[in-house]
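> show me how the following folds:
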Amino acid sequence: MADNKRKNNNNEKMTVEEAGRMGGEETARTHDRDFYEEIGKKGGEATSESHGREFYEEIGQKGGEATAESHGREFYEEIGQKGGEATSENHDRDFYEKIGKKGGEATSDNHDREFYEEIGHKGGEARHGRGDDDNNRNKR
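Got it, this is the predicted structure:
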């Protein structure tokens, strides 16, 4: 059975993995960035035609979990800051007003008055340097 995985090359046996590696190295040597972009685009289009929304949700979830396991808080702060800076360079005040309104409406559809009281209280405590424990909450 192991012989089925072997290829014959000048009477020397080569594993399928070795042949694949050698073929990949030769392809990398003889093709440029445009080639890889083109085959990547074709592969992405073929995948999108054969998989539904659930597939992309699942792989996105897995990718997010893997990223979260390998990066700390600083990583997310850095990419968040970079994303915010890039967005601010491309959009004006009107854009931020529109997305803020949409976000506020979506949030209000999902939360009640108690939620807003809670986050308002937490924000006030954070602003004034007090902790967010039950003792401070009950002192109001």
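> quick one: which helix or strand includes Met14?
Met14 is part of strand 12-15 when elements are defined by DSSP states H and E.
> please save the CA atoms from that strand in PDB.
Once side chains and other backbone atoms are set aside, the C-alpha atoms of strand 12-15 remain, and they are given as PDB (Å, rounded to 0.1, in the frame of the first residue of the first chain):
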ATOM      1  CA  GLU A  12      14.600   6.200  -7.300                       C
ATOM      2  CA  LYS A  13      11.400   6.400  -5.300                       C
ATOM      3  CA  MET A  14       9.900   9.700  -4.400                       C
ATOM      4  CA  THR A  15       6.900  10.300  -2.100                       C
END
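> C-terminal to it, which secondary structure element comes first?
Sequence-wise, the next helix or strand downstream of strand 12-15 (DSSP H and E) is helix 16-30.
> per-residue confidence at the residue most central in space within the chain?
Ranked by distance to the mean C-alpha position of the chain (Cα atoms, centre = their mean), the top residue is Gly64 at 5.2 Å. At Gly64 the predicted local confidence, pLDDT, stands at 92.
> what do you get for the one 10 residues further on?
Glu74 is assigned 93 on the pLDDT scale.
> cool, and the one 5 residues further on?
pLDDT for Ile79: 94.
> that one belongs to a strand?
No - under DSSP: H, G, I helix; E, B strand; the rest coil, Ile79 falls outside any strand and is assigned helix.
> neighbours of Glu114, how many?
The tally of other residues near Glu114 (other Cβ atoms under 10 Å) stands at 8. Where C-beta positions appear, they are placed from N, C-alpha and C, glycine not excepted.
> please consider this matter closed, and thank you.
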